[in-house]
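>>> Quick one, what's the 3D model for this:
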Amino acid sequence: MRQKITIKTIAKELGVSTSTVSKALRDSHEISVETKDKIKAYADYYNYKPNNLALQLRNQKTKVIGVILPKIVHHFFSTVIKGIESGANDKGYHIMVCFSNESYESEVNNLKVLSNGSVDGLIVSISNETLENSHFEHFQGLVNEEIPLVLFDRVHDSIFCDKVIVDDIGAGYKATKHLAENGRKKIAMLSTPEHVNIGTLRKQGYLKALKEFDLMSNENLVLEIDEKEDAKTQIAKVFDNEIDAIFAVNEIYAAIAIRLAKEQNLRVPEDVSVIGFTDGLISEYSSPSITAIVQHGLTMGRQAVELLIERIENENESLPPRTKVISSNLHVRESTKSK
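This next block holds a predicted model:
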């Protein structure tokens with residue numbers, strides 16, 4: 001089987017620049033007939049099919065960055081957008097934002113729309129459906145064409161590109177440790193399905209803290225919430241168990257848990273302490289206000305756009321994929337207390 005090649009591969013093998021290769025493949029008059037014939041022959045031999053976005057990115061810059069998010073109604077993603085926009089504007093770039101609405105098909109279509117040469121690179125948080133089905137071909141295509149790509153928050157190890165992530169294991173540990181230090185012994189967790197890596201990693205931190213405090217782990221106390229179904233109905237099942245605390249992987253689940261506790265005449269935090277993830281308006285203005293893990297979305301957004309612009313503006317340098325890890329901290333509010 002012939003090797004998988006890219007524009008950079010052709011340039012290296014033939015001793016020319018990547019710009020020369022892309023121009024030759026576009027039949028540019030700037031390149032001699034002899035050079036064009038040599039490059040096209042090499043590309044044909046290896047069955048190389050140039051990507052329109054890749055060719056345009058090599059030859060012209062739009063100063064626009066494409067951003068694809070899984071959903072719009074989420075405090076964390078709104079803060080990330082602010083960070084991306086702020087960092088982009090500082091460097092003279094603008095952003096174009098699309099939403100996959102957790103759909104693989106929408107995510108692929110958004111990439112196609114942005115692949116008309118209207119952006120210089122892409123920042124993406126992978127949709128739930130893409131992660132569930134492990135369909136990453138559309139991202140692999142970008143990587144193979146060496147199109148600047150940064151994944152953030154929801155990432156996958158099989159995609160070799162720059163990434164910005166939260167220390168989810170550490171965050172899950174901090175949340176559970178806080179509850180254990182406050183005397184809670186039967187701590188439940190409201191998580192994501194296993195294919196969503198952030199929930200899996202936060203669970204690792206949760207289990208690590210339980211072990212440290214000699215608290216028994218119980219799989220019945222870990223609920224994986226399917227967002228395609230009614231969240232309240234699913235979360236209600238956690239109260240079928242004897243619990244004195246809940247760690248939720250987002251602030252919406254935490255708020256729902258507090259409402260359900262009240263419906264069962266349980267006091268928060270006296271009977272059940274609740275801690276959430278993402279320090280947004282829901283956490284601040286719920287009654288009681290919700291203790292939360294702060295994800296620092298602004299910082300994540302700025303880090304993502306800095307990585308992307310560095311790769312855009314240094315396209316001829318061989319930079320290995322980089323991963324930036326953002327630490328989190330705890331914002332203690334009324335929903336947790338010491339016994």
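
>>> where in the stretch 101-250 of the chain is pLDDT low?
Counting by pLDDT under 70, the stretch 101-250 of the chain shows no low-confidence range.

>>> would you list every one of the helices in it?
Taking DSSP state H, counting those that start in this stretch as the criterion, the stretch 101-250 of the chain contains helices spanning 104-114, 128-133, 137-144, 168-181, 197-212, 231-236.

>>> Quickly compare these and say which is most buried.
By mean neighbour count, with neighbours taken as mean count of other CB atoms under 10 Å, helix 168-181 ranks first of the helices of the stretch 101-250 of the chain at a mean of 22. (Each C-beta comes from the backbone N, C-alpha and C, glycine too.)

>>> Of the helices of the stretch 101-250 of the chain, which is nearest F160?
helix 137-144 (5.7 Å; CB to CB).

>>> just so I know, which of the helices of the stretch 101-250 of the chain lies nearest C98?
helix 104-114 (4.2 Å).

>>> Check G297 and give its pLDDT.
Predicted confidence (pLDDT) for G297: 93.

>>> Find the helix or strand that the residue lying closest to it once chain neighbours are set aside is a member of.
Of all residues beyond its chain neighbours, the one nearest G297 is T79 (3.1 Å), with distances taken as CB to CB, 6 or more residues apart in numbering. Assigned by DSSP states H and E, T79 belongs to helix 75-90.

>>> Please save the CA atoms from that helix in PDB.
Extracted in PDB, the C-alpha atoms of helix 75-90 (Å, rounded to 0.1, in the frame of the first residue of the first chain):
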ATOM      1  CA  HIS A  75     -22.100  29.100  30.400                       C
ATOM      2  CA  PHE A  76     -18.800  27.300  30.000                       C
ATOM      3  CA  PHE A  77     -18.900  27.500  26.200                       C
ATOM      4  CA  SER A  78     -20.000  31.100  26.200                       C
ATOM      5  CA  THR A  79     -17.000  32.100  28.300                       C
ATOM      6  CA  VAL A  80     -14.700  30.100  26.000                       C
ATOM      7  CA  ILE A  81     -16.000  32.100  23.100                       C
ATOM      8  CA  LYS A  82     -15.200  35.300  24.900                       C
ATOM      9  CA  GLY A  83     -11.600  34.100  25.500                       C
ATOM     10  CA  ILE A  84     -11.200  33.000  21.900                       C
ATOM     11  CA  GLU A  85     -12.500  36.300  20.600                       C
ATOM     12  CA  SER A  86     -10.400  38.400  22.900                       C
ATOM     13  CA  GLY A  87      -7.200  36.500  22.100                       C
ATOM     14  CA  ALA A  88      -8.000  36.600  18.300                       C
ATOM     15  CA  ASN A  89      -8.700  40.300  18.300                       C
ATOM     16  CA  ASP A  90      -5.400  41.000  20.100                       C
END
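
>>> Now it: buried residues?
H75, F76, F77, T79, V80, I81, G83, I84, E85, G87, A88 (16 or more other CB atoms under 10 Å).

>>> Point out the other helices and strands that it packs with.
Applying 3 or more CB pairs under 8 Å, 6 or more residues apart in numbering; DSSP states H and E, we find helix 75-90 packed against strand 64-69, strand 94-99, helix 297-313.

>>> can we see that at 10 Å?
strand 64-69, strand 94-99, strand 121-124, strand 149-152, strand 162-166, helix 251-263, helix 281-285, helix 297-313 (3 or more CB pairs under 10 Å, 6 or more residues apart in numbering; DSSP states H and E).

>>> That helix versus strand 162-166: what angle between them?
Angle, helix 75-90 to strand 162-166, by axes from the mean of the first three to the mean of the last three CA atoms, to 10 degrees: 140 degrees.

>>> quick one: helix 75-90 to strand 64-69, angle?
170 degrees.

>>> about what we covered before: now mean neighbour count too, for the helices and strands packed on helix 75-90, in CSV please.
Below are the helices and strands packed on helix 75-90 laid out as CSV (neighbours: other CB atoms under 10 Å):
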stretch, mean neighbour count
strand 64-69, 24
strand 94-99, 16
strand 121-124, 28
strand 149-152, 26
strand 162-166, 24
helix 251-263, 21
helix 281-285, 16
helix 297-313, 22
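
>>> tell me the contacts of S78?
L69, I72, G280, L281, G297, G301 (CB atoms under 10 Å, 6 or more residues apart in numbering).

>>> D27 too?
K36, K40.

>>> what about it, distance to D44?
According to CB to CB, to the nearest Å, D27 and D44 sit 14 Å apart.

>>> on that earlier part again, quick one: which of the contacts of S78 is nearest F239?
Distances from F239 to the contacts of S78, taken by CB to CB, are shortest for G280, at 24.3 Å.

>>> Got the confidence number for the residue nearest to the closest one when sequence neighbours are not counted?
Excluding its sequence neighbours, the residue lying closest to G280 (CB to CB, 6+ apart) is H75, at 2.8 Å. Note for H75: predicted pLDDT of 83.

>>> residues in contact with H75?
H75 neighbours (CB under 10 Å, 6+ apart): N250, E251, I252, T278, D279, G280, L281, I282, S283, E284, Q295, G297.

>>> ok, back up a step: closest to A180 out of the helices and strands packed on helix 75-90?
Per CB to CB, nearest to A180 of these: helix 251-263, 17.4 Å.

>>> same for the closest one, what does it pack against?
helix 75-90, strand 187-191, helix 231-236, strand 245-248, strand 273-277, helix 281-285, strand 291-294.

>>> Understood, closing this out.
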